[in-house]
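1. build me a model from this:
(4 chains)
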There are 2 protein chains.
Amino acid sequence: MSRLYNQYCPVARVLDVVGERWALLIVRELLLGPRRFTDLAEGLPGIGTSVLTTRLKQLEQSGLVRRRILPAPAASVVYELTEEAVGLAGILVAMARWGMSLLGPRGQDDQVNGRWLVLALAVTAPDARPVPAGTYELRIDDEVLNIRALDGHLQPSQGPGPDPAATITMSGDTLAAIASGSLDLPSSQADELIAIDGDAAGARRLLESLHH
Amino acid sequence: MSRLYNQYCPVARVLDVVGERWALLIVRELLLGPRRFTDLAEGLPGIGTSVLTTRLKQLEQSGLVRRRILPAPAASVVYELTEEAVGLAGILVAMARWGMSLLGPRGQDDQVNGRWLVLALAVTAPDARPVPAGTYELRIDDEVLNIRALDGHLQPSQGPGPDPAATITMSGDTLAAIASGSLDLPSSQADELIAIDGDAAGARRLLESLHH
DNA sequence: CTGCATCCGCTTCGATACTG
DNA sequence: CAGTATCGAAGCGGATGCAG
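-> Residues are numbered from 1 along each chain as shown, chains lettered A, B, ... in the order given. Model prediction:
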């Protein structure tokens, strides 16, 4: 078991469960949908597989993560959040919102990942101009994600979007550049780096909300 | 510097700054007002003074905590949250809300502290029946705290309340018993353990919201 | 190939003792 | 009171090994 604070305090109890290194980032990875062990390891550079194993076991024991074996023919193991863990989303959202102010310019050795920034996008968008309702599919570095927009609220998840209003293709580097503000969105440079198929206006509105 | 994740992700950036052990609990302690080094150490059982020193330096360097020397005649050192850190309150609130479901019955060796539960009180109250507006002073184990209620929102802070509508005196154990549900509030047993001076109805309403 | 377990060098933590 | 010094124990990161 992890080292406990032994405090009768709700905040301390949360930290008992997800306060150790990597734990909340694992939850972040699973927020967009189930993932396999190696996918998680890849999305968490530097974690070390033994720590990942330990954390997954701890999270499973805490009832936050479920280990599930996909039905044939896949037959592989995936990890997914339980219903208990959906409450954690509120914490992640609060962290992501405040963290946007800490993001600053992209550091020398900062890794970039499409799912991280899609999450950031979904969290910051409600503060910006509303995005037209619909599903937007994002293809970022060979990863396919989607965001469902409904009355100002944005729900991100992994996989192709069902009946997308627009499909946006770009690199993670480009998305990071938008987030950092180093790439202006209404620019010819941006048009070269971003391919939009479908509702271009809505897609632009979505991306604009990442940096405002 | 602390070990960084090196991810261009708002959540990871937050964890870079407050993700290490004890960091968020230090912020929790400071949420109710400035505190001295030894007060912090006392409110964080098991921390070890060298870790506390390290964390305070890191938080100061991150611009979240300010080290201030009180004017004469006190002339002692206090630590307080900066304006940057107020955004952290949203994270703590999200954690406290979700953490209430993890709280459960009080464990064998769970420490109890008035400020922790006052924080819990302030966070859960908006979900319950509204508390009449006004300031409520809480005296818990020789610690004096207060909660300002205004249209459903509760703002806790340390020290005596200005012009309190009611003064509530009780032990931390009693407050924990209410939170855990092991002590029913409208009961003769509770009346013996809780002393209310002033607006008893409002005070009861406040305490009721801790367990609903 | 995936999903770990094991080992090792290093860092961090917890606890206590000590100092201006 | 406000820390610094110290030291054993625990945890982490990286590499490697290996079974299904």
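2. longest helix anywhere in chain A?
-> If you go by DSSP state H, chain A has its longest helix at helix A:86-103.
3. which helices and strands does it pack with?
-> Under the contact definition 3 or more Cβ pairs under 8 Å, 6 or more residues apart in numbering or on different chains; DSSP states H and E, helix A:86-103 sits against helix A:23-30, helix A:114-124, helix B:10-18, helix B:86-103. No exception for glycine: its C-beta is placed from N, CA and C like everyone else's.
4. count the residues that sit near residue A:187.
-> Residues contacting residue A:187 under the criterion other Cβ atoms under 10 Å in any protein chain shown number 10.
5. per-residue confidence at it?
-> Looking at residue A:187, its pLDDT reads 88.
6. tell me where chain A has helices.
-> Taking DSSP H as the criterion, chain A contains helices spanning A:10-18, A:23-30, A:37-43, A:49-61, A:86-103, A:114-124, A:172-180, A:188-193, A:200-208.
7. of all these, which lies closest to DNA strand D?
-> DNA strand D lies closest to helix A:49-61 among the helices of chain A, at 4.6 Å (Cβ to the nearest atom of the strand).
8. do that closest one and chain B meet at all?
-> No. On the criterion Cβ under 8 Å from any Cβ of the partner chain, helix A:49-61 is out of touch with chain B, staying 12.6 Å away.
9. that helix: which residues count as buried?
-> A:51-52, A:55-56, A:58-59 (16 or more other Cβ atoms under 10 Å in any protein chain shown).
10. same list (the residues you listed) but as TSV, adding distance to DNA strand C and pLDDT.
-> Formatted as TSV, those follow (distance: Cβ to the nearest atom of the strand, whole Å; pLDDT from 0 to 100):
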residue	distance to DNA strand C	pLDDT
A:51	9	95
A:52	8	96
A:55	11	96
A:56	7	96
A:58	12	95
A:59	12	96
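11. follow-up on the earlier one: so can I have TSV of the helices and strands packed on helix A:86-103 showing mean pLDDT and distance to residue B:192?
-> Output for the helices and strands packed on helix A:86-103, formatted as TSV (pLDDT from 0 to 100; distance: least, Cβ to Cβ, whole Å):
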stretch	mean pLDDT	distance to residue B:192
helix A:23-30	97	42
helix A:114-124	94	48
helix B:10-18	97	41
helix B:86-103	96	24
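12. save these as TSV, and put in distance to DNA strand D and mean neighbour count too.
-> Listed next are these as TSV, based on distance: least, Cβ to the nearest atom of the strand, whole Å; neighbours: other Cβ atoms under 10 Å in any protein chain shown:
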stretch	distance to DNA strand D	mean neighbour count
helix A:23-30	8	24
helix A:114-124	17	24
helix B:10-18	11	25
helix B:86-103	19	20
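13. nearest to residue A:171, out of those?
-> Closest approach to residue A:171 among these (Cβ to Cβ): helix A:114-124, 8.8 Å.
14. residues making contact with the closest one?
-> Helix A:114-124 is contacted by residues A:28-29, A:31-32, A:43, A:92-93, A:96-97, A:100, A:103, A:138, A:140-141, A:143, A:145, A:147, A:154-156, A:158, A:172, A:175-176, A:179, A:206-207, A:209-210, A:212, B:7-12 when judged by Cβ atoms under 8 Å, 6 or more residues apart in numbering or on different chains.
15. name the residues of chain A found near DNA strand D, please.
-> With the criterion set to Cβ under 7 Å from any atom of the strand, chain A comes near DNA strand D through A:2-3, A:20-22, A:46-51, A:54.
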